[in-house]
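Peer 1: My questions are about this predicted structure, shown below with the sequence.
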Amino acid sequence: MALRYALLGLISERPRYGYEIKKEFEGSIGLFWNAHLSQIYPELAKLENEGLISKELVIQEERPNKSLYTITDKGIKELKDWLAEPIKPRQIKDESLLKIFFSRLIPKEKLVANIEGYKGHCQERLQVLEMIHQYALASDDPLSDLGVINGLRHYRVDIDWCDEAISRIKRRQR
């Protein structure tokens, strides 16, 4: 359901092509919400059918035609209504924690290697978020960095957790 609002939010910033939307899910939005093309285009079609966005076919000479999506007044209203709803607690669905929960079935060395890999991933994401944070601080919108701050904290906590988990596993191996 939140994919609907992620799309409306992106298109509310400015009209966008499908490819641009996909790139946002690979970049900034992908840091806290992901979606694949196989999900994005069907959802865009639903939003168009419901009158929440409109689609304009842009004819190109030497390339395939593309669609430009624009939010409608009805779409803005639905997005604003959703934004005004109370924020609900997160529903945790974390494959990494699920794997760790059942990790007693693999050698401890493999578990440590997996956690170290996860830590590396978190460090990469943290670096990206730190760059985005610098851009957000320069923004005219004083709220533009709130999501980034949450992401920064999230990855810092995960990195600290990885260090603690690795240390505890290694102590128990002795």
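Peer 2: Perfect, I can see it now. Numbers count the residues shown, from 1 in each chain.
Peer 1: Nearest the geometric middle of this structure, what residue?
Peer 2: Closest to where the C-alpha atoms of the chain average out (C-alpha atoms, centre = their mean) is W33, at 2.4 Å.
Peer 1: you'd agree it is up against E26?
Peer 2: No. At 11.6 Å, W33 and E26 do not qualify as touching, with contact defined as C-beta atoms under 8 Å. The way it works is simple: take the backbone N, C-alpha and C, and place the C-beta from them, glycine included.
Peer 1: Next up, phi/psi of F32, please.
Peer 2: Phi and psi for F32, reported as degrees, to the nearest 10, are phi -140, psi -10.
Peer 1: ditto for P64
Peer 2: phi -60, psi 150.
Peer 1: buried stuff in the longest helix seen in the chain?
Peer 2: Ordering each helix of the chain by length in residues (DSSP state H) puts helix 108-137 first. Within helix 108-137, the residues scored as buried using 16 or more other C-beta atoms under 10 Å are 111-112, 115, 118-119, 122, 125-126, 128-129, 132-133, 136.
Peer 1: and that helix, what does it pack onto?
Peer 2: Counting contacts by 3 or more C-beta pairs under 8 Å, 6 or more residues apart in numbering; DSSP states H and E, helix 108-137 is packed against helix 95-101, helix 146-173.
Peer 1: Pick the most buried one from these.
Peer 2: helix 146-173 (a mean of 14; mean count of other C-beta atoms under 10 Å).
Peer 1: Can you get me a residue count around K22?
Peer 2: 17 (other C-beta atoms under 10 Å).
Peer 1: residue contacts, it?
Peer 2: 37, 40 (C-beta atoms under 8 Å, 6 or more residues apart in numbering).
Peer 1: Distance from the host helix or strand of it to the middle of the chain?
Peer 2: Assigned by DSSP states H and E, K22 belongs to helix 18-26. Relative to its parent chain, helix 18-26 has a centroid offset of 11 Å by C-alpha atoms, centre = their mean, to the nearest Å.
Peer 1: which regions of this structure lie under the pLDDT threshold?
Peer 2: Applying pLDDT under 70 to the chain flags the ranges 1, 173-174.
Peer 1: Tell me how far the nearest residue to L68 once chain neighbours are set aside lies from K66.
Peer 2: Closest residue to L68 apart from its sequence neighbours, by C-beta to C-beta, 6 or more residues apart in numbering: E56 at 4.7 Å. Here E56 is placed at a distance of 10 Å from K66 (C-beta to C-beta, to the nearest Å).
Peer 1: Thank you, goodbye.
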